[in-house]
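>>> Build me a model:
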Amino acid sequence: MKRSLYAAVAGAAALTLALAGCAGDPQAVAASDTGVNTSADQNRVTTSKNDAAAALVPAKVRDRGTLVVGGGFGSGSVPLGFYADDNKTPIGLEVDIAYLVAQALGLKPEIEVTSWENLFVGLDSGKYDVGFSNITVTEKRKQKYDFATYRKDDIAFEAKKGGTWRVTGGKDIAGKTIAVGSGTNQEKILVDWNEANVKAGLPAATIKYFQKNTDTYLALSSGRIDAYLGPNPSIAYHVNRSGETETIGKFSGAGPTLQGLIAATTKKDDGLVKAYQAALNAVIADGSYAKVLARWNVTTEAVAKSEINPPGLPLTS
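Numbers count the residues shown, from 1 in each chain. Modelled structure (predicted):
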């Protein structure tokens, strides 16, 4: 039986928080049909403690023995971060990378799932030692946070399959209705494009926001939005699973002149960023990093090394 677009979303994000409010869908597929291990028993890729990296950890964190990780994917985003089928165990690409970094530093990871907005509140207050949540390096964020990069950042537009509309640049969004996550670099790029179009006399795009991925895809399926702009890994995963949508444009998450980068994010000058960089370079070198990316089908976003605070999405893109 061919699944509807909404049913495919339910299957792909099976048992994430986003699905919790959508019980009773008779076409929702089993977790085993999503193509990834969604059980609480993850059998994660592991690494060993790297003494040089561990030596860089500030004493207060080293003595505590834990690395408190904020994951701002509260409503679930497959394959980046979501809940296992026990509805309580965080899993996904970002979680696996956090585990590797903690292990390389000789620490026990404590993953705390929160909303995107509260992730940064937690970093500001010191509640979280680090954020692993598909966080893009931007020049604005660099004013408050330090970054140790670990993955390329690509974003993509997803629309219903079979149309002729393609997004090759900002002018192509004129007059369209597009969903995007609030407070994301995708939103900034979309807003900047829209403002440039209006100044050029083109029709304004309508930007929509939804709290849950399931709501976004319901809007796409019903025609209430023309497209969704989001992280490429999540969109590529959903396109593959649903069979009813397609990627109609793919871009760097840092704008047209710079390759975007995803990074471990920590409060500025808290003394942790060099430890994260060293740990990331250690897991890149030992091959465990590549195994994690392969596990979640994002090998095209691999980086050769971790960088601290590289150029990011400009204040004006």
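>>> May I have the residues that are in contact with L119?
G70, G71, G72, Y128, G131, S133 (C-beta atoms under 8 Å, 6 or more residues apart in numbering). C-beta: built from backbone N, CA, C; applies to glycine.
>>> any chance of the residues you listed in JSON lines, with pLDDT and distance to Y83 too?
Below are those laid out as JSON lines (pLDDT from 0 to 100; distance: C-beta to C-beta, whole Å):
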{"residue": "G70", "pLDDT": "98", "distance to Y83": "16"}
{"residue": "G71", "pLDDT": "96", "distance to Y83": "10"}
{"residue": "G72", "pLDDT": "92", "distance to Y83": "14"}
{"residue": "Y128", "pLDDT": "98", "distance to Y83": "18"}
{"residue": "G131", "pLDDT": "98", "distance to Y83": "18"}
{"residue": "S133", "pLDDT": "96", "distance to Y83": "14"}
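>>> From those, which land in strands?
G70, G71, G131 (DSSP state E).
>>> returning to that earlier point: adding neighbour count and distance to A55 as columns, could you present the contacts of L119 in JSON lines?
Shown next, in JSON lines, are these (neighbours: other C-beta atoms under 10 Å; distance: C-beta to C-beta, whole Å):
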{"residue": "G70", "neighbour count": "27", "distance to A55": "24"}
{"residue": "G71", "neighbour count": "25", "distance to A55": "26"}
{"residue": "G72", "neighbour count": "27", "distance to A55": "29"}
{"residue": "Y128", "neighbour count": "27", "distance to A55": "22"}
{"residue": "G131", "neighbour count": "26", "distance to A55": "23"}
{"residue": "S133", "neighbour count": "27", "distance to A55": "27"}
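>>> so, if you compare those, which one comes nearest to S234?
S133 (12.2 Å; C-beta to C-beta).
>>> measure the closest one to D153 for me?
Separation of S133 from D153 (C-beta to C-beta, to the nearest Å): 12 Å.
>>> so how far is I262 from the residue nearest the centre of the chain?
Against the mean C-alpha coordinate of the chain, by C-alpha atoms, centre = their mean, the closest residue is N134 at 3.3 Å. According to C-beta to C-beta, N134 stands 6 Å off from I262.
>>> The chain - how does it break down into domains?
51-152+258-308, 155-252 (the TED database).
>>> Can you give the distance from the last one to the centre of its chain?
To tie it back to what came earlier, the one meant is domain 155-252. 16 Å (C-alpha atoms, centre = their mean, to the nearest Å).
>>> element containing the residue lying farthest from the centre of the chain?
Distance from the C-alpha centroid of the chain peaks at G201, with 33.7 Å (C-alpha atoms, centre = their mean). Under DSSP states H and E, no helix or strand contains G201.
>>> where in the stretch 51-200 of the chain is pLDDT low?
75 (pLDDT under 70).
>>> need the longest strand for this structure.
Max-length strand for the chain by DSSP E is strand 145-160.
>>> tell me what the next helix or strand after that one is packed against?
Sequence order places strand 177-180 as the next helix or strand after strand 145-160, per DSSP H and E. Judged by 3 or more C-beta pairs under 8 Å, 6 or more residues apart in numbering; DSSP states H and E, the packing partners of strand 177-180 are helix 185-199, strand 206-208, helix 213-222, strand 227-231.
>>> I'd like the distance from the spatially closest residue to A275 that is not a sequence neighbour to N50, if you could.
Take A275 and drop its neighbours on the chain: the residue closest to it by C-beta to C-beta, 6 or more residues apart in numbering is L56, 3.9 Å away. For L56, the distance to N50 (C-beta to C-beta) stands at 10 Å.
>>> K305: how many residues sit nearby?
11 (other C-beta atoms under 10 Å).
>>> which residues does it contact?
Counting by C-beta under 8 Å, 6+ apart, K305 has contacts N281, I284.
>>> give me phi/psi at it?
phi -160, psi 160 (degrees, to the nearest 10).
>>> And E112, by the same measure?
The phi/psi pair for E112 (degrees, to the nearest 10) is phi -120, psi 110.
>>> which residues does the closest residue to it other than its chain neighbours bridge with?
Spatial nearest neighbour of E112, chain neighbours left out: G70 (5.8 Å); criterion: C-beta to C-beta, 6+ apart. Beta bridges link G70 to E112, G131, judged by DSSP bridges.
>>> wait, isn't G70 in contact with G122?
Yes - shown here, G70 and G122 form a contact pair, counting by C-beta atoms under 8 Å, at 4.9 Å.
>>> Need the overlap of contacts for these two.
What both G70 and G122 touch, as defined by C-beta under 8 Å, 6+ apart, is the set E112, T114, Y128, G131.
>>> Could you export those residues as JSON lines, including distance to A278?
As requested, those are arranged in JSON lines below (distance: C-beta to C-beta, whole Å):
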{"residue": "E112", "distance to A278": "23"}
{"residue": "T114", "distance to A278": "26"}
{"residue": "Y128", "distance to A278": "19"}
{"residue": "G131", "distance to A278": "18"}
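>>> Distance-wise, check the residue nearest to the centre of the chain relative to A254.
Going from N134 to A254 by C-beta to C-beta gives 14 Å.
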